[in-house]
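Asker: Sequence isn't available, so here's the structure alone:
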DNA sequence: ATGAAAGCGCTAACAT
DNA sequence: ATGTTAGCGCTTTCAT
């Protein structure tokens, strides 16, 4: 538990100057003989270079920030893991922040990360005005939300939703409902648009009456489905804007004794593990969550390495996974 | 995107010395008048104190490390969230590391965190020898594994397992199997012991022949259950050492057309969200994952505040959640 | 109440 | 090939 050795201690023990030690640390020219002595000294002192001090002079901390809404939400662990793997490979650390879909918290953590002088930032919070993000003194990559002039990586939510609805149509559904996400979420809005577009394409705008807004949580899917079932002519196909709400809808269906997919075909969005555990297994539009995180971090590192090309918008494909809850034929 | 203002810039603009600025920053004695001028200067320069520089002189970084096996494993997000909440409340940041149950990675990240001069560490990796952890120059709190002389917080795995088995007995099971976790996991070993103990208590050691070892993953639970079903006299009750393996077992049971809980009663361990999505819903022993993380972090902060009392072992209770997969009467 | 100056542990010119 | 030195941005005595 003694104070950690400094570069000075190493220098003294090895009988050289601190700059020589710094050189062996950072790969400068050093005679093999001194290098050996320095390394020996480092070992006996169990020396660890101080990243704070390095950061202060080099003006980089080798830390990036990651702001997400909530790591306990099943969509984000894979995102975080993707970011961490990309960072770890480059000797970067990741500072994790849970902002709870709360603008004040997003702001709070942003400030903290500024004070920490993180070298860059992956931001997956939906609330904070993008203009404040654009003014940050470090590169930022957005996840799941675009903004003119900033780097973004996101899933093609519009197309994913379109695929889901087309699939329901192909299964013979004639009244297709949508349990939408909160209007404040950019990706929820895209999914809603994709739903509307797909129906318009086959001349069925009248189904739009079956739109219910939820908040991405299981309970809201349950309630929305209850509402839909109480209609005079209930839908026979339901596209939920995320899996959690789809699971809630499934529960409502089950309680009402409605056969799935027989009477109502159901599909979700995200591709979380839960979808494989339900019976029937839940069809879903799989988001490449890990890739989302990894690509975002990799784009960030390209910026950190000096790439000054115009802002990129990386659009990752969503993939339809047809399982039991929507398969009728 | 201009370089961030320093304390010097603030001092100059406010017409005072840097030490005065530092005083208003840290609550020293300053005349109301100068304080106002300094604050104004900070605001116009959008000044953010540099935590690196502060850390270098104060010898603390306000960062703690968190080493876990894998954030995408459904048990850990809640743990991480607990740690983060406790840390955030004290203005600390959390550096997240995924060590993948891999000793080399645990070692690697440990080194990284040392270099980062984190003020302390919550360690949930199962592999690394505890003696190296005990020698760290900063306080460490272990999760889910105890070690003589170190702070630990963990779930009462032994008692949780005992509860699970007693419950199966009470449901009339006469041949109770255990799908164990890997022997390398301390908590898996405790659960196995709890299973054995409970059976011994009612004189049924003979059931021990029904022990199958898995690796905590879904697939291994599936395979273990297959093996058990192939037996001449298969078990009529199964306690899986975690929920993921229980889900796998459930799948095997379903494929074999075995009624659950009618012919085989099943119970898992952990209390992950998946257990509510299966049909039948999976009974389980709920671990207080969030609390595990929160308490670990809080114990760590007590140490950081100078508490030098003897090492603590915090044992959190596991709670039996009886759902459909094991309820027979 | 305020300022001057030393130093936290390191890197990066600049010398030699 | 190696050493000397001036900072990086801050806190903290010690003066005044």
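Answerer: Cool, the structure landed. Just so it is clear, the structure is predicted and the values come from calculations on it, not from any experiment. Residues are numbered from 1 along each chain as shown, chains lettered A, B, ... in the order given.
Asker: In contact with residue A:325, which residues?
Answerer: Contact analysis of residue A:325 by CB atoms under 8 Å, 6 or more residues apart in numbering or on different chains lists A:246, A:250, A:260-261, A:265-267, A:278, A:280-283. For glycine as for every other residue, the C-beta is placed from the backbone atoms N, C-alpha and C.
Asker: pretty sure residue A:39 belongs to a helix, no?
Answerer: Yes: assessed by DSSP: H, G, I helix; E, B strand; the rest coil, residue A:39 belongs to a helix.
Asker: ok, back up a step: ok, and the most crowded of the contacts of residue A:325?
Answerer: residue A:267 (32 neighbours; other CB atoms under 10 Å in any protein chain shown).
Asker: what about that one, distance to DNA strand D?
Answerer: 52 Å (CB to the nearest atom of the strand, to the nearest Å).
Asker: how many neighbours does residue A:169 have?
Answerer: Residue A:169, neighbours per other CB under 10 Å, totals 18.
Asker: In helices, which of the contacts of residue A:325 fall?
Answerer: A:246, A:250 (DSSP state H).
Asker: Determine which two of the contacts of residue A:325 are furthest apart.
Answerer: A:265 and A:278 (14.1 Å; CB to CB).
Asker: and stretch A:301-318, how far apart are its ends?
Answerer: Using CA to CA, to the nearest Å, the end-to-end distance of stretch A:301-318 comes to 24 Å.
Asker: contacting residues for the nearest residue to residue A:71 once chain neighbours are set aside?
Answerer: Spatially, and ignoring its direct neighbours in sequence, residue A:71 is nearest to residue B:77 (4.6 Å; CB to CB, 6 or more residues apart in numbering or on different chains). Residues near residue B:77 by CB under 8 Å, 6+ apart: A:71-72, A:74, A:76-77, B:71.
Asker: Residue B:77 should be in a helix, yeah?
Answerer: Yes: counting by three-state DSSP, residue B:77 is found in a helix.
Asker: Residue B:178 versus residue A:41, what's the distance?
Answerer: For residue A:41, the distance to residue B:178 equals 53 Å [CB to CB, to the nearest Å].
Asker: more crowded one of these two?
Answerer: Higher neighbour count among residue A:41 and residue B:178: residue B:178, with 29 against 21, using other CB under 10 Å.
Asker: and the more buried one, which of the three is it?
Answerer: strand.
Asker: Quick check: bridge partners of it?
Answerer: residue B:211, residue B:239 (DSSP bridges).
Asker: neighbours around the nearest residue in space to residue A:25 that is not next to it in sequence, how many?
Answerer: Closest residue to residue A:25 apart from its sequence neighbours, by CB to CB, 6+ apart: residue A:49 at 6.0 Å. Counted by other CB under 10 Å, the residues lying close to residue A:49 total 17.
Asker: And residue A:50, how far from DNA strand C?
Answerer: Distance from residue A:50 to DNA strand C, by CB to the nearest atom of the strand: 3 Å.
Asker: Next one, pLDDT for the closest residue to that residue other than its chain neighbours please.
Answerer: Nearest non-adjacent residue to residue A:50, counting by CB to CB, 6+ apart: residue B:117, 6.0 Å away. Residue B:117 is assigned a pLDDT of 97 by the prediction.
Asker: show me what contacts residue B:117?
Answerer: If you count contacts by CB under 8 Å, 6+ apart, residue B:117 has them with A:4, A:50-52, B:55, B:61.
Asker: go on, residue A:102?
Answerer: Taking CB under 8 Å, 6+ apart as the test, what residue A:102 contacts is residue A:127.
Asker: pLDDT at residue A:63, what is it?
Answerer: The model's pLDDT for residue A:63 equals 98.
Asker: one step back: mind putting the contacts of residue B:77 in JSON lines, pLDDT and distance to residue B:209 included?
Answerer: Converted to JSON lines, the contacts of residue B:77 look like this (pLDDT from 0 to 100; distance: CB to CB, whole Å):
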{"residue": "A:71", "pLDDT": "97", "distance to residue B:209": "41"}
{"residue": "A:72", "pLDDT": "96", "distance to residue B:209": "39"}
{"residue": "A:74", "pLDDT": "94", "distance to residue B:209": "37"}
{"residue": "A:76", "pLDDT": "96", "distance to residue B:209": "43"}
{"residue": "A:77", "pLDDT": "98", "distance to residue B:209": "38"}
{"residue": "B:71", "pLDDT": "97", "distance to residue B:209": "37"}
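Asker: among those residues, which two are most distant?
Answerer: A:74 and B:71 (11.4 Å).
Asker: Burial check on residue A:174, number of neighbours?
Answerer: What residue A:174 shows, counting by other CB under 10 Å, is a neighbour count of 12.
Asker: That one and residue A:236 touch, don't they?
Answerer: Yes: judged on CB atoms under 8 Å, residue A:174 makes contact with residue A:236 at a distance of 6.1 Å.
Asker: Give me the common contacts of these two.
Answerer: By CB under 8 Å, 6+ apart, no residue touches both residue A:174 and residue A:236.
Asker: Residue A:260 against residue A:280, yeah?
Answerer: Yes: between residue A:260 and residue A:280 there is a contact under CB under 8 Å: 5.7 Å.
Asker: residues in contact with the spatially most central residue of chain A?
Answerer: By CA atoms, centre = their mean, the mean C-alpha position of chain A lies nearest to residue A:79, the distance being 4.1 Å. Residues near residue A:79 by CB under 8 Å, 6+ apart: A:68, A:124, A:143, A:289-290, A:292-293.
Asker: Kindly report the same for residue A:296.
Answerer: Per CB under 8 Å, 6+ apart, neighbours of residue A:296: A:82-83, A:122, A:141-143, A:153.
Asker: measure it to chain B for me?
Answerer: 16 Å (CB to the nearest CB, to the nearest Å).
Asker: quick one: secondary structure of that residue?
Answerer: helix.
Asker: Test my guess that residue A:56 contacts residue B:55.
Answerer: No: the criterion here is CB under 8 Å, and residue A:56 misses it with residue B:55 at 9.1 Å.
Asker: burial measure for residue A:162, as a count.
Answerer: Count around residue A:162 with other CB under 10 Å applied: 23.
Asker: Now do it against residue A:104, distance only.
Answerer: For residue A:162, the distance to residue A:104 - CB to CB - is 35 Å.
Asker: Same check on residue A:274?
Answerer: 30 Å.
Asker: okay, the two: which has more neighbours?
Answerer: Ranked by neighbour count (other CB under 10 Å), residue A:274 and residue A:104 place residue A:274 first, with 24 against 11.
Asker: Wasn't the more buried one part of a strand?
Answerer: No: counting by three-state DSSP, residue A:274 is located in no strand; its state is helix.
Asker: Surely it is in contact with residue B:274?
Answerer: Yes: counting by CB under 8 Å, residue B:274 is a contact partner of residue A:274 at 6.1 Å.
Asker: hmm, stretch A:260-267 in reach of chain B?
Answerer: No: judged by CB under 8 Å from any CB of the partner chain, stretch A:260-267 makes no contact with chain B; its nearest approach is 11.6 Å.
Asker: gap between that stretch and the chain center?
Answerer: 29 Å (CA atoms, centre = their mean, to the nearest Å).
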